[in-house]
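>>> turn this into a structure:
(chains A and B)
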Amino acid sequence: MSGDETSHARDASPAISDADEDARNLLRVRDLSTRFFTEEGQVNAVESVDFDVRDGEVFGIVGESGSGKSVTALSIGDLVESPGRVTSGEVWYRNADLAEEIDDPEAVDGDFVDVRQVPENVRRSLRGPSFSMIFQDPMSSLNPSLTVGEQIAEAVEVQRRARANPRSTRSRTQGYGLADMLASTVLPSRSYVSEESRERAIELLEQVGIPDPADRADEYPHQFSGGMLQRAMIAQALAGEPDLLIADEPTTALDVTIQAQILDLLRDLQDETGMSIVMITHNLGVIARMCDRVGVMYAGEIVERGQLADVFDDPVHPYTQGLLGSIPDLDEPASRLQPIEGNVPDLYDHEMGDRCYFADRCPYAMEECLSHPPEFDTETGKPVDPKTDPGEHGARCVLANHEFRPEDALPEEYFAVESEDSSGSDREAAETEEVNTDD
Amino acid sequence: MSMGRFLLRRLLQGVFVIWGVVTVVFLLRFVTPGDPITFIAPLDAPPEVRQNIARELGLNKPLYVQYGEYLFNLVQGDMGYSYINSTPARQRIFNRLPATLELAVAASIVAVVISIPLGVISATRRHEPADYAATTFSLVGISTPNFWLGIMLVLVLAVGLGLFPTSRRAIGFLPAIEMLLTDLDPGGLVTWLWHITLPAITLGTYFTALITRLTRSGMLDELGKTYVRASRAKGLPETLVRYKHVLRNTLIPVITVLGLQLGTLIGGAVITEAVFNWPGLGTLVINAINDRDWVLIQGSLVVIGAGFVIVNIAVDAMYAYINPQVRSE
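Here you go, the predicted model:
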């Protein structure tokens, strides 16, 4: 597919060359786990995830529905809502100014600050300058009853106030008293946003390619088309001039031509601002087009990661191989697609044993896949400590260590039993997906 | 569409609605049993006397003539004279109207002031004790009958503790304000407040409970939407997210219900008026119906209908103000 060319072209760009040596990390995620505590039981949506995001790179997270990729995005953005909770792990953002201000030695490591260990108000002050997020459905991602310009301007305003008065950044209301709040519920809210912020909002709309930005700023979201709204969404996320943009399926709700435009826009903006992007998607084409490095998620875990070319050209994990096998090859139109049989497991804690979660769907499943969880190994066979070196190409699979021998394969009966109750767990999987995305 | 045109259209619609109300109310007399003459004339009155009464009241004319005359008089503000004691209907209705309006507005204020904060607390502290307290309160409030609540309030707060008067409307709101402005005497206003408190609570409790639930569920709905997440992601303080974004959107359905409720209250709250001996429209209408005093019934219903229409236009205007999607439709 054409993705290879794109990725090689990317390799040549200076931003990511010699990635292993010089590039500084912007985000370090270690052992991150997120759980949802539902009435049906505990759902392990994200399970011990490690990855790094470097300056100016696009890190892709790809996986099926229900694989936990969106929850991962929310977890690193500190936006998980009840009944979900980040239960363990560290999320380190590089923010030198903030690191200096924080006394707690546990929460600071050099220039890095651990979102999970700082108080709520500090956490909030990271939103905007350190990271921002865009979402799948632009229509529901903007407040329908405020003008688009107002919503962007208020994001600018919040950051402006924070800079003008760093002390109040940490305060609860950031210069907005409760009386202001209540008044803002009933009064025309524009008065809470300064003229400078409004002008900046129009600049931002122009920057994301919205024609007549000054006029469009006064329109409401329902007067925008989907593509324009996604641009406005991006403008809103850029208001805080974030180091990292977390893009959760930014193109899924758009039609194909608009998708390409939005991806180009993100790329251009990245070149302009030098920000990093975490791109969450189920679309391998988007990954191939956009990403420098990629992590493949399955059942809440990153099962394989590495440079885009390494992962796409030489996939180790059978799941990655399966994903790549399910893309139509335009050069060989006659060949049949090879879908991965079955579904993502439903991630309920009591059903998640000490084993490889993909074994039930894996054509190379062996006895040892069922007995213990595979280590995160490189393809060289050397176990890799994700805490020191999460950059190399590696897979969480026994096949990373040795070749598949047909005589080790699990007996046919194992799969026969599994497929019988898989019809029941299909529905559960669908429900889990709802839990993951809606809550 | 501009706000002005929006309102103009609503006003025109309102005129037609009121005309419809007048027509239906007028025709009602001819399909309801109970000839007013039976009530007016002595039991043993000879037919000539009855015919005289009918002629005097204009009841012997053809239907369309009666209708035309009624409409003609109505647009000039003449609602006719009571069959029973010949007082002008307009005077009797408009004497009662302030008491009804005061009670309706006071009950609505009680409801809004208590319910919206309660709903907000309940939604933002979901599954915490404050939420359980608020949901319990609203369940009890919705299921408590008005007359029982009114009687209990009188029994405990008025008779038992002597904090409030048991009944009566000692002074109107406007005279009380006049007293304050001309004599600089707040006594009238205090008396007014003192007398209206219990009826307002009695009448307002159900709506308080209703709007608490509505605010809570609406706010929970809104809090689950992606724009809330996006607002947090762009760095807005939680208070700003909650009040500027979420509460504002939650109020859209709340305002609709509030308007309908206020409209209903203008029709009078017969039970509350009866418990507190409150001289409102509700009791007037009930008495008029008992007497088959059609002039008074028609007049009251027309006024109530017009009040309902006016409140709804006001609600529409607020709704359009707060919800831009309505304006552009």
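>>> if I pick the residue nearest to B:I304 when sequence neighbours are not counted, what's in contact with it?
Counting by Cβ to Cβ, 6 or more residues apart in numbering or on different chains, B:I304 lies nearest to B:G267, which is 4.7 Å off, once chain neighbours are set aside. All C-beta spots, glycine's among them, are computed from the backbone N, C-alpha and C. By Cβ atoms under 8 Å, 6 or more residues apart in numbering or on different chains, the contact list for B:G267 reads B:281-282, B:304, B:307-308.
>>> who wins for most neighbours among those?
When neighbours are counted as other Cβ atoms under 10 Å in any protein chain shown, the busiest of the contacts of B:G267 turns out to be B:L281, with 29 neighbours.
>>> contact partners of stretch B:151-161?
By Cβ under 8 Å, 6+ apart, the surrounding residues in contact with stretch B:151-161 are B:163-167, B:198, B:201-202, B:275-276.
>>> so for that stretch, what gets flagged as buried?
Using 16 or more other Cβ atoms under 10 Å in any protein chain shown as the burial criterion, the residues of stretch B:151-161 that qualify are B:153-154, B:157-158.
>>> that stretch: end-to-end distance?
Stretch B:151-161 has an end-to-end distance of 14 Å (criterion: Cα to Cα, to the nearest Å).
>>> how far does that stretch sit from its chain's centre?
Centroid separation between stretch B:151-161 and its chain, computed with Cα atoms, centre = their mean, to the nearest Å, is 25 Å.
>>> what do you get for stretch A:270-284?
When distances are taken as Cα atoms, centre = their mean, stretch A:270-284 is centred 9 Å away from the chain's centroid.
>>> just want the residue of the stretch 201-329 of chain B that's nearest chain A.
Among residues of the stretch 201-329 of chain B, the one nearest chain A by Cβ to the nearest Cβ turns out to be B:G235. It sits 3.1 Å away.
>>> Three-state assignment for that residue, please.
Recorded secondary structure, B:G235: coil (DSSP: H, G, I helix; E, B strand; the rest coil).
>>> need phi/psi at the nearest residue to it once chain neighbours are set aside.
In space, not counting the residues next to it along the chain, B:G235 is nearest to A:G128; the distance is 3.1 Å by Cβ to Cβ, 6+ apart. For A:G128, the backbone dihedrals are phi 110, psi -80 (criterion: degrees, to the nearest 10).
>>> repeat for A:A253
On the backbone of A:A253 - angles per degrees, to the nearest 10 - the values are phi -90, psi 0.
>>> contacting residues around it?
Applying Cβ under 8 Å, 6+ apart, the residues near A:A253 are A:136-139, A:226, A:230.
>>> repeat that with 7 Å
Under the criterion of Cβ atoms under 7 Å, 6 or more residues apart in numbering or on different chains, the neighbours of A:A253 are A:136-138, A:226.
>>> got it, and A:L142?
With contacts taken as Cβ under 7 Å, 6+ apart, A:L142 has the following neighbours: A:148, A:151, A:221, A:229, A:232-233, B:227.
>>> if we use 6 Å, what do you get?
When contacts are counted by Cβ atoms under 6 Å, 6 or more residues apart in numbering or on different chains, A:L142 touches A:151, A:221, B:227.
>>> in three-state terms, label A:E304 for me.
Using three-state DSSP, the structure places A:E304 in strand.
>>> what about the helices in the stretch 51-200 of chain B?
With DSSP state H, counting those that start in this stretch as the criterion, the stretch 51-200 of chain B has helices at B:63-75, B:89-124, B:129-143, B:146-153, B:173-183, B:187-223.
>>> ok, back up a step: just the buried residues of the contacts of A:A253.
Among the contacts of A:A253, those that count as buried by neighbour count (16+ other Cβ under 10 Å) are A:136-138.
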